[in-house]
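Engineer: 3D, please:
(one chain, ligands or ions: 1)
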Amino acid sequence: VISSSACANIALVKYWGKREPSLNLPETGSLSLTLDALRTTTELELIDGPADEMLLDGVRQTGRALERVSSFLEVARAECTDPALRRARARVVSNNSFPSAAGLASSASGFAALAVAANAAYRLGRDRTALSALARRGSGSAARSIFGGYVRMNSGAQPDGSDAAAHPIEGIKLELSAAIVVGKAEEKAVSSTDGMEHTRKTSPFHEAWVRQVERDLVAAEEALASSAIMRLSEIVEANCLAMHADAMAARPGVIYFSPLTLWAIERVRELRSVGTPVMFTVDAGPHVVAFAPPAEIGWIGAALAAHPGVDRIILSHAGGPATIEEF
Ligand code: 2P0
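Structural biologist: Below you'll find the model as predicted:
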(Lines give C-alpha, C1' and ligand atoms only; values in the text may rest on other atoms or scores of the structure.)
Protein backbone atom coordinates (compact mmCIF):
# COMPACT_ATOMS: atom_id res chain seq x y z
CA VAL A 1 0.00 0.00 0.00
CA ILE A 2 1.17 3.48 -0.84
CA SER A 3 0.22 6.36 1.38
CA SER A 4 0.53 9.95 0.20
CA SER A 5 -0.58 13.33 1.33
CA ALA A 6 -0.84 16.79 -0.19
CA CYS A 7 -2.21 20.16 0.85
CA ALA A 8 -4.56 22.35 -1.15
CA ASN A 9 -3.43 25.79 -2.21
CA ILE A 10 -5.10 29.13 -2.72
CA ALA A 11 -3.99 31.28 -5.63
CA LEU A 12 -2.79 34.86 -5.08
CA VAL A 13 -2.72 35.29 -8.87
CA LYS A 14 -5.42 33.09 -10.38
CA TYR A 15 -5.62 30.48 -13.09
CA TRP A 16 -8.83 31.01 -15.09
CA GLY A 17 -8.77 29.60 -18.62
CA LYS A 18 -7.25 26.68 -20.50
CA ARG A 19 -5.43 26.91 -23.80
CA GLU A 20 -5.87 23.16 -24.34
CA PRO A 21 -8.63 21.48 -22.32
CA SER A 22 -7.69 17.90 -23.30
CA LEU A 23 -4.27 18.21 -21.62
CA ASN A 24 -5.46 20.75 -19.06
CA LEU A 25 -2.95 23.33 -20.28
CA PRO A 26 -3.44 26.77 -18.72
CA GLU A 27 -3.51 29.96 -20.80
CA THR A 28 -1.43 31.78 -18.20
CA GLY A 29 0.78 31.15 -15.21
CA SER A 30 -0.50 31.46 -11.64
CA LEU A 31 0.90 31.90 -8.15
CA SER A 32 -0.31 30.28 -4.94
CA LEU A 33 0.32 29.54 -1.28
CA THR A 34 0.00 25.92 -0.14
CA LEU A 35 -2.13 25.60 3.03
CA ASP A 36 -1.43 23.13 5.82
CA ALA A 37 -4.99 22.87 7.17
CA LEU A 38 -6.45 21.71 3.84
CA ARG A 39 -4.92 18.29 3.44
CA THR A 40 -5.85 15.15 1.50
CA THR A 41 -4.41 11.82 2.65
CA THR A 42 -4.59 9.02 0.11
CA GLU A 43 -3.93 5.29 0.24
CA LEU A 44 -3.49 3.52 -3.07
CA GLU A 45 -3.43 -0.23 -3.45
CA LEU A 46 -3.10 -2.06 -6.76
CA ILE A 47 -5.85 -4.63 -7.27
CA ASP A 48 -6.72 -7.43 -9.63
CA GLY A 49 -10.27 -6.21 -10.25
CA PRO A 50 -11.83 -5.01 -13.50
CA ALA A 51 -12.00 -1.31 -12.62
CA ASP A 52 -10.58 1.41 -10.40
CA GLU A 53 -12.36 2.02 -7.12
CA MET A 54 -12.43 5.13 -5.02
CA LEU A 55 -13.64 5.98 -1.54
CA LEU A 56 -13.64 9.69 -0.65
CA ASP A 57 -14.30 10.55 3.00
CA GLY A 58 -15.86 7.11 3.34
CA VAL A 59 -18.20 7.49 0.36
CA ARG A 60 -17.82 5.19 -2.65
CA GLN A 61 -17.38 7.36 -5.74
CA THR A 62 -19.33 6.62 -8.92
CA GLY A 63 -20.19 8.36 -12.20
CA ARG A 64 -18.32 11.48 -13.22
CA ALA A 65 -16.20 11.68 -10.05
CA LEU A 66 -14.92 8.11 -10.48
CA GLU A 67 -14.38 8.59 -14.24
CA ARG A 68 -12.23 11.65 -13.57
CA VAL A 69 -10.01 9.65 -11.19
CA SER A 70 -9.93 6.66 -13.51
CA SER A 71 -8.94 8.68 -16.59
CA PHE A 72 -6.19 10.27 -14.52
CA LEU A 73 -4.92 6.82 -13.53
CA GLU A 74 -5.02 5.85 -17.23
CA VAL A 75 -2.53 8.64 -17.94
CA ALA A 76 -0.18 7.08 -15.38
CA ARG A 77 -0.74 3.53 -16.67
CA ALA A 78 -0.12 4.62 -20.27
CA GLU A 79 3.49 5.42 -19.42
CA CYS A 80 4.06 2.42 -17.12
CA THR A 81 6.58 0.09 -18.77
CA ASP A 82 5.88 -3.04 -16.70
CA PRO A 83 3.03 -4.98 -18.43
CA ALA A 84 1.80 -6.67 -15.22
CA LEU A 85 1.69 -3.40 -13.32
CA ARG A 86 0.00 -1.68 -16.23
CA ARG A 87 -2.89 -4.15 -16.08
CA ALA A 88 -3.47 -3.58 -12.38
CA ARG A 89 -6.31 -1.28 -11.36
CA ALA A 90 -6.21 0.87 -8.25
CA ARG A 91 -8.22 1.04 -5.04
CA VAL A 92 -7.95 4.62 -3.83
CA VAL A 93 -9.02 5.68 -0.35
CA SER A 94 -8.83 9.43 0.20
CA ASN A 95 -9.73 11.56 3.18
CA ASN A 96 -9.86 15.32 3.40
CA SER A 97 -8.97 17.09 6.64
CA PHE A 98 -11.57 19.73 5.77
CA PRO A 99 -15.25 19.58 4.78
CA SER A 100 -15.44 18.62 1.08
CA ALA A 101 -19.04 19.79 1.08
CA ALA A 102 -17.80 23.32 1.78
CA GLY A 103 -16.55 23.44 -1.81
CA LEU A 104 -12.96 24.22 -0.91
CA ALA A 105 -10.12 23.44 -3.30
CA SER A 106 -10.17 19.67 -2.77
CA SER A 107 -9.26 18.79 -6.37
CA ALA A 108 -5.83 20.44 -5.89
CA SER A 109 -4.83 18.41 -2.83
CA GLY A 110 -6.69 15.33 -4.12
CA PHE A 111 -4.97 15.07 -7.50
CA ALA A 112 -1.57 16.08 -6.10
CA ALA A 113 -1.78 13.25 -3.54
CA LEU A 114 -3.03 10.87 -6.24
CA ALA A 115 -0.22 11.86 -8.64
CA VAL A 116 2.56 11.06 -6.17
CA ALA A 117 0.82 7.79 -5.21
CA ALA A 118 0.32 6.74 -8.86
CA ASN A 119 3.92 7.67 -9.69
CA ALA A 120 5.10 5.24 -6.99
CA ALA A 121 2.53 2.49 -7.66
CA TYR A 122 3.13 2.35 -11.41
CA ARG A 123 6.87 2.99 -11.02
CA LEU A 124 6.92 6.03 -13.32
CA GLY A 125 10.02 7.57 -11.78
CA ARG A 126 8.89 11.13 -12.45
CA ASP A 127 10.82 13.91 -10.70
CA ARG A 128 8.99 16.70 -8.86
CA THR A 129 8.58 18.93 -11.93
CA ALA A 130 7.27 16.04 -14.01
CA LEU A 131 4.99 15.07 -11.10
CA SER A 132 3.60 18.59 -11.13
CA ALA A 133 2.83 18.24 -14.86
CA LEU A 134 1.18 14.87 -14.14
CA ALA A 135 -0.95 16.32 -11.30
CA ARG A 136 -2.04 19.06 -13.75
CA ARG A 137 -3.74 16.40 -15.88
CA GLY A 138 -6.08 15.75 -12.94
CA SER A 139 -6.67 19.39 -12.08
CA GLY A 140 -4.85 22.57 -13.10
CA SER A 141 -4.43 23.77 -9.53
CA ALA A 142 -3.10 20.36 -8.41
CA ALA A 143 0.16 21.07 -10.28
CA ARG A 144 0.90 23.70 -7.60
CA SER A 145 0.09 21.40 -4.66
CA ILE A 146 3.10 19.17 -5.35
CA PHE A 147 5.16 21.91 -3.69
CA GLY A 148 4.97 23.74 -0.36
CA GLY A 149 4.98 27.45 0.43
CA TYR A 150 4.72 29.96 -2.40
CA VAL A 151 4.44 28.23 -5.75
CA ARG A 152 4.57 29.55 -9.30
CA MET A 153 2.80 27.68 -12.09
CA ASN A 154 4.07 28.18 -15.64
CA SER A 155 1.74 28.16 -18.61
CA GLY A 156 4.47 26.44 -20.64
CA ALA A 157 4.94 26.49 -24.39
CA GLN A 158 5.36 22.81 -25.35
CA PRO A 159 2.34 21.25 -27.10
CA ASP A 160 2.69 18.10 -24.93
CA GLY A 161 2.46 20.16 -21.72
CA SER A 162 5.75 18.91 -20.29
CA ASP A 163 6.74 22.45 -19.30
CA ALA A 164 3.30 23.38 -17.99
CA ALA A 165 4.43 22.65 -14.45
CA ALA A 166 4.95 24.49 -11.18
CA HIS A 167 8.01 25.25 -9.07
CA PRO A 168 8.43 26.61 -5.54
CA ILE A 169 9.43 30.27 -5.21
CA GLU A 170 12.49 30.24 -2.98
CA GLY A 171 13.80 32.84 -0.57
CA ILE A 172 10.57 34.67 0.30
CA LYS A 173 10.70 36.09 3.84
CA LEU A 174 7.12 37.33 3.98
CA GLU A 175 5.05 34.77 5.89
CA LEU A 176 1.31 34.62 5.32
CA SER A 177 -1.39 32.54 6.97
CA ALA A 178 -5.01 32.21 5.90
CA ALA A 179 -8.46 32.58 7.44
CA ILE A 180 -11.17 30.96 5.32
CA VAL A 181 -14.73 32.15 5.83
CA VAL A 182 -17.14 29.24 5.38
CA GLY A 183 -20.82 30.16 5.25
CA LYS A 184 -23.80 28.18 6.57
CA ALA A 185 -25.96 28.10 3.45
CA GLU A 186 -23.62 27.72 0.55
CA GLU A 187 -25.01 26.16 -2.56
CA LYS A 188 -23.06 24.14 -5.06
CA ALA A 189 -21.40 26.56 -7.46
CA VAL A 190 -20.60 26.07 -11.16
CA SER A 191 -17.44 23.92 -11.19
CA SER A 192 -14.14 25.68 -11.97
CA THR A 193 -13.64 23.48 -15.01
CA ASP A 194 -17.02 24.44 -16.49
CA GLY A 195 -16.91 28.05 -15.29
CA MET A 196 -13.51 28.84 -16.79
CA GLU A 197 -14.26 27.19 -20.13
CA HIS A 198 -17.59 29.02 -20.42
CA THR A 199 -15.81 32.27 -19.52
CA ARG A 200 -13.04 31.73 -22.07
CA LYS A 201 -15.59 31.08 -24.82
CA THR A 202 -18.10 33.83 -24.08
CA SER A 203 -16.67 36.64 -21.93
CA PRO A 204 -15.77 39.81 -23.85
CA PHE A 205 -13.31 40.59 -21.02
CA HIS A 206 -11.30 37.39 -21.33
CA GLU A 207 -8.46 38.64 -23.53
CA ALA A 208 -7.94 41.54 -21.17
CA TRP A 209 -7.87 39.09 -18.24
CA VAL A 210 -5.17 36.97 -19.88
CA ARG A 211 -2.99 40.04 -20.52
CA GLN A 212 -3.51 41.32 -16.98
CA VAL A 213 -2.49 38.02 -15.36
CA GLU A 214 0.98 38.25 -16.91
CA ARG A 215 1.44 41.74 -15.40
CA ASP A 216 0.05 40.64 -12.03
CA LEU A 217 2.45 37.68 -11.88
CA VAL A 218 5.47 39.94 -12.34
CA ALA A 219 4.18 42.51 -9.83
CA ALA A 220 3.20 39.87 -7.24
CA GLU A 221 6.61 38.18 -7.40
CA GLU A 222 8.28 41.56 -6.93
CA ALA A 223 6.05 42.42 -3.97
CA LEU A 224 6.72 39.02 -2.38
CA ALA A 225 10.48 39.31 -2.89
CA SER A 226 10.51 42.69 -1.16
CA SER A 227 7.99 41.67 1.55
CA ALA A 228 5.78 44.57 0.43
CA ILE A 229 2.54 43.26 1.93
CA MET A 230 0.40 46.34 1.23
CA ARG A 231 1.50 46.34 -2.42
CA LEU A 232 0.87 42.59 -2.61
CA SER A 233 -2.63 43.12 -1.17
CA GLU A 234 -3.56 45.52 -3.97
CA ILE A 235 -2.39 43.08 -6.65
CA VAL A 236 -4.03 40.01 -5.08
CA GLU A 237 -7.41 41.71 -4.60
CA ALA A 238 -7.40 43.32 -8.04
CA ASN A 239 -6.49 39.99 -9.65
CA CYS A 240 -9.28 38.19 -7.80
CA LEU A 241 -11.88 40.81 -8.73
CA ALA A 242 -10.69 40.78 -12.36
CA MET A 243 -11.16 37.00 -12.50
CA HIS A 244 -14.68 37.33 -11.11
CA ALA A 245 -15.46 40.25 -13.43
CA ASP A 246 -14.37 38.05 -16.35
CA ALA A 247 -16.64 35.22 -15.12
CA MET A 248 -19.56 37.60 -14.48
CA ALA A 249 -19.17 39.00 -18.01
CA ALA A 250 -19.58 35.53 -19.54
CA ARG A 251 -22.94 34.93 -21.23
CA PRO A 252 -24.81 33.90 -19.19
CA GLY A 253 -22.72 35.32 -16.36
CA VAL A 254 -21.19 33.10 -13.68
CA ILE A 255 -21.58 34.61 -10.21
CA TYR A 256 -19.68 32.92 -7.37
CA PHE A 257 -20.23 35.64 -4.76
CA SER A 258 -22.88 35.36 -2.06
CA PRO A 259 -24.02 38.19 0.21
CA LEU A 260 -21.56 36.84 2.81
CA THR A 261 -18.71 37.07 0.28
CA LEU A 262 -19.38 40.78 -0.18
CA TRP A 263 -19.68 41.35 3.55
CA ALA A 264 -16.30 39.67 4.22
CA ILE A 265 -14.62 41.58 1.37
CA GLU A 266 -15.84 44.83 2.92
CA ARG A 267 -14.56 43.79 6.37
CA VAL A 268 -11.09 43.02 4.99
CA ARG A 269 -10.98 46.37 3.19
CA GLU A 270 -12.05 48.21 6.36
CA LEU A 271 -9.33 46.46 8.34
CA ARG A 272 -6.69 47.38 5.78
CA SER A 273 -7.88 50.97 5.59
CA VAL A 274 -6.82 51.37 9.23
CA GLY A 275 -3.42 49.84 8.55
CA THR A 276 -3.98 46.10 9.14
CA PRO A 277 -1.81 44.00 6.80
CA VAL A 278 -4.56 41.77 5.36
CA MET A 279 -5.89 40.95 1.90
CA PHE A 280 -8.79 38.92 0.52
CA THR A 281 -9.19 36.51 -2.34
CA VAL A 282 -12.13 34.38 -3.55
CA ASP A 283 -11.99 31.22 -5.68
CA ALA A 284 -14.71 29.61 -7.77
CA GLY A 285 -17.12 29.59 -4.85
CA PRO A 286 -18.39 31.96 -2.17
CA HIS A 287 -15.62 31.57 0.45
CA VAL A 288 -13.50 34.59 1.22
CA VAL A 289 -9.91 33.72 2.09
CA ALA A 290 -8.06 36.40 4.06
CA PHE A 291 -4.26 36.32 4.08
CA ALA A 292 -2.27 38.03 6.82
CA PRO A 293 0.95 37.48 8.80
CA PRO A 294 0.72 34.46 11.16
CA ALA A 295 0.69 36.67 14.28
CA GLU A 296 -2.37 38.58 13.04
CA ILE A 297 -4.47 35.82 11.51
CA GLY A 298 -6.20 34.73 14.76
CA TRP A 299 -7.88 38.03 15.55
CA ILE A 300 -8.59 38.70 11.88
CA GLY A 301 -10.33 35.31 11.65
CA ALA A 302 -12.38 36.22 14.75
CA ALA A 303 -13.35 39.56 13.19
CA LEU A 304 -14.52 37.72 10.05
CA ALA A 305 -16.70 35.41 12.18
CA ALA A 306 -18.89 38.33 13.28
CA HIS A 307 -21.73 37.64 10.86
CA PRO A 308 -24.74 35.34 11.49
CA GLY A 309 -24.18 33.62 8.12
CA VAL A 310 -20.74 32.31 9.07
CA ASP A 311 -20.60 28.60 9.84
CA ARG A 312 -16.90 28.43 10.68
CA ILE A 313 -13.54 30.03 10.11
CA ILE A 314 -10.73 27.70 9.06
CA LEU A 315 -7.31 29.02 10.05
CA SER A 316 -4.24 27.73 8.26
CA HIS A 317 -0.53 28.31 8.14
CA ALA A 318 1.51 27.68 5.00
CA GLY A 319 1.83 24.01 4.09
CA GLY A 320 4.66 21.80 2.87
CA PRO A 321 5.10 19.69 -0.27
CA ALA A 322 3.26 16.48 -1.15
CA THR A 323 4.71 13.45 0.67
CA ILE A 324 4.78 9.71 0.10
CA GLU A 325 5.27 6.54 2.16
CA GLU A 326 5.24 2.91 1.04
CA PHE A 327 4.45 0.06 3.41
C1 2P0 B 1 -6.86 29.00 -9.01
N2 2P0 B 1 -9.09 28.08 -9.49
O3 2P0 B 1 -5.89 29.52 -9.56
C4 2P0 B 1 -8.21 29.19 -9.66
C5 2P0 B 1 -8.94 30.35 -9.13
C6 2P0 B 1 -10.37 28.47 -9.03
C7 2P0 B 1 -10.37 29.92 -9.04
O8 2P0 B 1 -7.57 26.61 -10.18
O9 2P0 B 1 -10.41 22.40 -14.56
O10 2P0 B 1 -10.17 22.88 -10.13
O11 2P0 B 1 -9.44 21.01 -12.76
O12 2P0 B 1 -7.99 22.54 -14.08
O13 2P0 B 1 -7.80 23.38 -10.86
C14 2P0 B 1 -9.66 25.77 -9.72
O15 2P0 B 1 -9.58 25.14 -10.93
O16 2P0 B 1 -9.69 23.44 -12.52
C17 2P0 B 1 -8.70 26.84 -9.82
P18 2P0 B 1 -9.36 22.29 -13.54
P19 2P0 B 1 -9.24 23.59 -11.04
O20 2P0 B 1 -6.77 28.37 -7.94
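Engineer: before we go further, Glu325 is sitting in a strand, right?
Structural biologist: Yes: secondary structure of Glu325 (DSSP: H, G, I helix; E, B strand; the rest coil): part of a strand.
Engineer: ok, it - contacts?
Structural biologist: The contact partners of Glu325, by C-beta atoms under 8 Å, 6 or more residues apart in numbering, come to 2-4. No exception for glycine: its C-beta is placed from N, CA and C like everyone else's.
Engineer: residue numbers of the stretch 51-200 of the chain in contact with the ligand?
Structural biologist: Applying C-beta under 6 Å from any ligand atom, we find that the stretch 51-200 of the chain lies next to the ligand at 107, 139-141, 192-193.
Engineer: so can I have TSV of those showing secondary structure?
Structural biologist: Output for those, formatted as TSV (three-state DSSP):
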residue	secondary structure
Ser107	helix
Ser139	coil
Gly140	helix
Ser141	helix
Ser192	helix
Thr193	helix
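Engineer: on that earlier part again, just the contacts of Glu325 now: which is nearest Ala11?
Structural biologist: Taking C-beta to C-beta as the measure, Ala11 sits nearest to Ser4 out of the contacts of Glu325, at 22.3 Å.
Engineer: now for the host helix or strand of that closest one, which elements pack on it?
Structural biologist: Per DSSP states H and E, Ser4 falls inside strand 2-13. Identification of packing neighbours for strand 2-13 by 3 or more C-beta pairs under 8 Å, 6 or more residues apart in numbering; DSSP states H and E yields strand 30-47, helix 106-121, helix 206-225, helix 229-248, strand 279-282, strand 288-292, strand 323-326.
Engineer: pick the most buried one from the ones you listed.
Structural biologist: helix 106-121 (a mean of 28; mean count of other C-beta atoms under 10 Å).
Engineer: of the residues of the stretch 51-200 of the chain next to the ligand - the most surrounded one?
Structural biologist: Neighbour tally across those (other C-beta atoms under 10 Å): the maximum, 29 neighbours, falls on Ser141.
Engineer: tell me if I'm right that it and Ser32 touch.
Structural biologist: Yes: using C-beta atoms under 8 Å, Ser141 is in contact with Ser32, at 7.3 Å.
Engineer: what residues do the two have in common as contacts?
Structural biologist: When C-beta under 8 Å, 6+ apart defines a contact, the residues bordering Ser141 and Ser32 alike are 9, 11.
Engineer: residues contacting the residue lying closest to Ala238 once chain neighbours are set aside?
Structural biologist: Nearest non-adjacent residue to Ala238, counting by C-beta to C-beta, 6 or more residues apart in numbering: Asp216, 7.3 Å away. Residues near Asp216 by C-beta under 8 Å, 6+ apart: 13, 235, 238-239.
Engineer: can you check Leu114 too?
Structural biologist: Taking C-beta under 8 Å, 6+ apart, we find Leu114 in contact with 4, 42, 44, 69, 72-73, 92, 94, 135, 138.
Engineer: and with 6 Å instead?
Structural biologist: Going by C-beta atoms under 6 Å, 6 or more residues apart in numbering, Leu114 touches Thr42.
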